[in-house]
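Participant: Sequence first, predicted model second:
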Amino acid sequence: MSKLLRQSFMLLLVLTVITGVLYPLAATGLAQLIFPRQANGSLVIRGGKPVGSVLIGQSFTDPKYFWGRPSATSPHPYNGGSSSGSNLGPTNPALVEAVRQRIAALRAADPGNTAPVPVDLVTASASGLDPQISPAAAQYQVARVARLRHLDVAQVRSLVRRYTQGRQLGILGEPRVDVLRLNLALDAPVGQ
Amino acid sequence: MSTNDYFQMGLYLVVLLLLVKPLGGYMAAVFSDTPNRVTRIGAGSERLIYRLCGIRADEDMGWKRYALAMLLFNVLGVLVVYALQRLQLWLPLNPQHFGAVSPDSSMNTAISFATNTNWQGYGGESTMSYLTQMLGLAVQNFVSAATGIAVLIAVIRGFSRRSAAGLGNFWVDLTRSTLYVLLPLSLLLTLLLVSQGVVQNFKPYLSVPVVQVSTVSEPVLDASGAAVKDKAGNPVMKPTEVSTQTLPMGPAASQIAIKQLGTNGGGFFNVNSAHPFENPTPLSNFLEMLSLLLIPAALCYTFGAMVGDRRQGWSLLAVMLVIFIPLLLACTAAEQAGNPLLAHLGVDQHASALQAGGNMEGKETRFGIVNSTIWATATTAASNGSVNAMHDSFTPLGGLIPMWLIQLGEVIFGGVGSGLYGMLAFAVVAVFIAGLMVGRTPEYLGKKIEAYEMKMASLAVLIPCALVVIGTAIAVMVPAGVAGITNPGAHGFSEMLYAVSSASNNNGSAFAGLSANTPFWNVLLGVCMFLARFPLIVAMLAMAGALAAKRHVPASAGTLPTHTPLFITLLACVVIVIGALTFLPALALGPIAEQLMSAMGH
C-alpha cells in the first residue's frame, strides 16, 4: 500500500511536468513559429494598430451599418471578456418576446422592408461573439445600408459578395458574411 | 434536410471509420508490447519515468492491486486539484489575484476533472489561476483519459488471457496511454487548430477600439461586485459608454486538443467550442468533431485485435453506429424544423442556398444546423460534453436526443476506454439473456459467463441508471435544487434531469441555463460523478479478474456467435430497452411534455 502510494505520488508528479508544463510550452513554441498570426488572435490591423479580430464580432446598432447576430453576453452585447449564449428554452415566453422586439427594431430601421426576417438575424448566437451572418441576413439589410449611405445598391451588394465565404473546401459548414470586415470596408474612404 | 446536410454527416462518418483501423491497430501494438516507430522513440523516456517513480514495468498486477493503484492515483489527483483551488491565492501564476474557490465548488471541480466528466459549475475565465488551470485541470485532462484507456486494456486482458492471475500493470498502461496515444495526437491536433485561428499564446487579454461606440445601461455594482438595488428592490442602472472590446488570449489550442481527444470536454472559454477563438472555422469544427469520437471508435478495433478476433471489435462498433445514426438524423430533423413559436412572428426559418434556417437560437452562423447537431449527438454519445451550440435552446425533441444518449450509459462510443468497457458490460448482459432464451451456459469470447461476472456487469449497467433517477428525485424535492432552474415549465425539469444525467454518466455537458454553482448542486453532482466512475471501474476490474482466471472454452454448436448481425441487433436492443424503460417516464415529464405544448402553440 505504501509502495503504491509512493508510486502514485511520483507518477502524478512526473506526468504533471510532462502534460502540464512541457506540453503547453512546446505547443506554444511551435504555434508561434509556424502560425504566428492565427496563434495571436487573427487581428485586423488598421494604421499599425489592432482594431479587432476577424474572428470576434462587434456590436452594430446604427442602421447605416450591417447588424450582426443578437448577442446575449452581459453586461453589454459582444463582451469579449465574457462569452455566453442566452440559454433560453424554445418555449420560454422571454425568447418569443426578445425575438418580437428584435423584429420591431429591424422594421423601425427600415420601414419599407416587409420581407420575412432571416432567423439568424433575430436569434442570439451560441457564443454571443458570432462574427458572421448568413447571406440571407446580409441581403435583407442591403437596401437599408445603401439608402442611408447614399450608395448604389449594386455597389453595396458587391461589397457583401467580397466578404462572403462559401462552404470551406466546398463542403464544410455554411456560407456566411463577415460583418466586422464588411462594415470596416463601408467606412473606408472610396478608392482604398 | 438538404443534400449538403446528408453529405456533411456522411463525410464525417466515413472519415471517422477510415481512421479506426490504423489508430486501433497502433494502440493494440502499444499495449501488447509490440515495438513500433513511436514506442522506440519514447522507450528511453518511458524507462526513465519508471526509474524515477520506482516502478517495475514487468510487475503483473492482480485485479485488486490494479484497482487499488487506479484508486490511489485518482484520489491523489482529486486532492491535488482541490488543494490548488483552495490555495491559489497564495500560489504563484495568479496575475488576476483570484481568491480561493469555495470548498463545495472546489470539491465539485476536482471530482469533475478526475472522473473525466469535466462538468464546469464555475465561471471559467474569472475563477481559476493559470497555475490551477495548468497543473490541475490540464493534467487531469490527460490522466483521467489515460485511466479510462488503462482500465479498458485490463478488461480486454481479462477476456484474452487464459488461467491467468494478473491483468497487467496499471502504471505502465497509464504511462503508455499518455505518452504514445494522447500526447502525440494532441500535439498534432493543436497545430491543425492553430492554423485555423485557435489562439495559443501566453499574452494578456487585448483591448481594441470598437468600430461603433455605443451607450448601454449597465447595473451599478458595489465594492463586492453585487448589483446595487434601489428602495423598490430594482437594480440601479447607469449609462455606460462601450468604446473598447476585450479580446481574450491564452494557451487555448493545446487544451482544446486534449479536451476533444480525451473525451474531457472542459472548455477554455465560457461557451466552450462555440467560441470563435476555440473553434473558428468549419474545418476546425470538423477536426474537433472527428477527434471527439476518434479514440473511442478506434479502441473497438484495438479490442478486436487484442482478443484475437477483429470481427468482435467491428461488431461492437456496428452496435454503436446502429444506435448513433438514427438519433443523429432525428436530432438534425428536429432542429432544422425550427421553432413554431417564432414562425408565427414572421421569421424565415426555411433552409435555402442563402441561409441554414431552422432553430438558430444558441447556434453559430458558421456551423448552422447540421454541424451543431452532429456535434451535439457525438458529444453526448461519447462522454465528452464539449458543445458548439447551446443545448438548452434546442427544440424539445432536438434536446431530448442528446439527453437520452447520455442516459443510455455513455456506451455509444462513450468516454475513451470507459465507453467500451461499459459496452462490454452490456455485451455480457446480452449473452446472458441469449443464454436464458436457449437454456445454455452463456459464453463470451471463449469465457463462461457465470453468476459473479453477471453481478459485476449488472452493477456497471445499473449504477448510472440509479444515480440519475435518485439524484433527479432529490433535486426536484429540495427547494435548493429547484432554485437553480431558469426556464419555466417542463423545460425547467429538463434542465435538472439533464444535469443529473450528465454527472451520473460522466458526460459534463449541460442545459446551461441551470444555475448549478451552489452548495446543493455542487455536492449532489460531485457525489454522482464520483460514484458513476470509480465503483463502476472496480466492478469491471473484478469481472475482468474473474474472467482472466478462467480456462478458454472452445466454441461449440451451442455457442452464440457474437460477431453476427443477430448479436449486433440483440445487443443494440438490450442497450435501448434498458435506456428506454428506465428513463421514458422522466423524459415524458420534460422534453416530451414540452414538445406537446410547443406543437399546441404555448
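Facilitator: Yep, it's here. Numbering: from 1, shown residues only, chains lettered A, B, ... in the order given.
Participant: For the residue of chain A at minimum distance from chain B, which non-adjacent residue is spatially closest?
Facilitator: Nearest residue of chain A to chain B, counting by C-beta to the nearest C-beta: residue A:173, 2.5 Å away. All C-beta spots, glycine's among them, are computed from the backbone N, C-alpha and C. Leaving aside its sequence neighbours, residue A:173 sits nearest to residue B:282 (C-beta to C-beta, 6 or more residues apart in numbering or on different chains; 2.5 Å).
Participant: so what's the closest residue to chain A within the stretch 151-300 of chain B scoring on pLDDT?
Facilitator: As assessed by C-beta to the nearest C-beta, chain A sits closest to residue B:282 within the stretch 151-300 of chain B, at 2.5 Å. As predicted, residue B:282 sits at a pLDDT of 97.
Participant: Verify the contact between it and residue A:175 for me.
Facilitator: No: with contact defined as C-beta atoms under 8 Å, residue B:282 does not reach residue A:175; the gap is 10.3 Å.
Participant: Could you chop chain A up by domain?
Facilitator: For chain A, automatic domain parsing gives the domain ranges A:1-40, A:42-187.
Participant: what's the biggest helix by length in chain A packed up against?
Facilitator: Longest helix of chain A, by residue count under DSSP state H: helix A:93-109. Judged by 3 or more C-beta pairs under 8 Å, 6 or more residues apart in numbering or on different chains; DSSP states H and E, the packing partners of helix A:93-109 are helix B:340-343.
Participant: list the helices and strands the helix it packs on packs on?
Facilitator: In this structure, helix B:340-343 packs against helix A:93-109, helix B:593-599, with contacts taken as 3+ C-beta pairs under 8 Å, 6+ apart.
Participant: Counting neighbours, which bits of stretch B:517-526 end up buried?
Facilitator: Within stretch B:517-526, the residues scored as buried using 16 or more other C-beta atoms under 10 Å in any protein chain shown are B:517-518, B:520-522, B:524-526.
Participant: Also stretch A:83-95?
Facilitator: Neighbour-count burial for stretch A:83-95 flags A:83-92, A:95 (criterion: 16+ other C-beta under 10 Å).
Participant: pLDDT averaged over it, what's the number?
Facilitator: 94.
Participant: Now do that stretch: distance from first to last residue.
Facilitator: By C-alpha to C-alpha, to the nearest Å, the extent of stretch A:83-95 from end to end equals 19 Å.
Participant: chain center to that stretch, what's the gap?
Facilitator: Distance of stretch A:83-95 from the chain centroid (C-alpha atoms, centre = their mean, to the nearest Å) equals 19 Å.
Participant: With stretch B:191-202 instead?
Facilitator: 23 Å.
Participant: list the contacts for residue B:469?
Facilitator: Neighbouring residues of residue B:469 by C-beta atoms under 8 Å, 6 or more residues apart in numbering or on different chains: B:582-583, B:586.
Participant: just the residues you listed now: which is nearest residue B:326?
Facilitator: The closest of the contacts of residue B:469 to residue B:326 turns out to be residue B:583 (C-beta to C-beta; 17.3 Å).
Participant: Now the closest one. Its backbone dihedrals?
Facilitator: Note on residue B:583: backbone dihedrals following degrees, to the nearest 10 are phi -110, psi -10.
Participant: For chain A, see how far away it is.
Facilitator: Per C-beta to the nearest C-beta, to the nearest Å, residue B:583 is found 20 Å from chain A.
Participant: How many residues are close by that residue?
Facilitator: For residue B:583, the tally of surrounding residues (other C-beta atoms under 10 Å in any protein chain shown) stands at 22.
Participant: wait, it sits on residue B:404?
Facilitator: Yes: using C-beta under 8 Å, residue B:583 is in contact with residue B:404, at 6.7 Å.
Participant: Let's have the contacts of residue B:469 in TSV, adding pLDDT and distance to residue B:571.
Facilitator: Compiled in TSV, the contacts of residue B:469 are given as follows (pLDDT from 0 to 100; distance: C-beta to C-beta, whole Å):
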residue	pLDDT	distance to residue B:571
B:582	94	17
B:583	95	19
B:586	95	24
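Participant: which two in the buried residues of stretch A:83-95 are spaced the farthest apart?
Facilitator: Farthest pair in the buried residues of stretch A:83-95, by C-beta to C-beta: A:83 and A:91, 24.9 Å.
Participant: Walking through the chain, point out its strands one by one.
Facilitator: Since no chain was named, I'll use chain A. Taking DSSP state E, the strands of chain A run over residues A:43-46, A:49-53, A:117-118, A:132-133, A:164-165, A:176-178.
Participant: actually chain B
Facilitator: Counting by DSSP E, the strands of chain B are B:206-219, B:237-247, B:347-348, B:443-444, B:447-448.
Participant: name the helices or strands packed onto the fourth one?
Facilitator: What that stands for is strand B:443-444. helix B:418-438.
Participant: picking that back up, could you single out the nearest of the contacts of residue B:469 to residue B:7?
Facilitator: Ranked by distance to residue B:7 (C-beta to C-beta), the contacts of residue B:469 are led by residue B:583 at 32.8 Å.
Participant: if I look at that closest one, how far off is residue B:108?
Facilitator: 24 Å (C-beta to C-beta, to the nearest Å).
Participant: ok, which residues in the stretch 401-550 of chain B are in contact with chain A?
Facilitator: B:486-491, B:494, B:511-513 (C-beta under 8 Å from any C-beta of the partner chain).
Participant: Verify the stated contact: residue A:69 with residue A:122.
Facilitator: No: using C-beta under 8 Å as the test, residue A:69 is too far from residue A:122 to be in contact (9.0 Å).
Participant: More neighbours: which of those two?
Facilitator: Per other C-beta under 10 Å, whichever of residue A:69 and residue A:122 has more neighbours is residue A:69, with 29 against 25.
Participant: list the contacts for the residue most central in space within chain A?
Facilitator: With distances taken as C-alpha atoms, centre = their mean, residue A:131 lies nearest the centre of chain A, 1.9 Å away. For residue A:131, the contacting residues are A:53-57, A:68, A:178-180, B:276, by C-beta under 8 Å, 6+ apart.
Participant: do residue B:297 as well
Facilitator: By C-beta under 8 Å, 6+ apart, the contact list for residue B:297 reads B:16-17, B:19-20, B:24, B:317, B:320, B:413.
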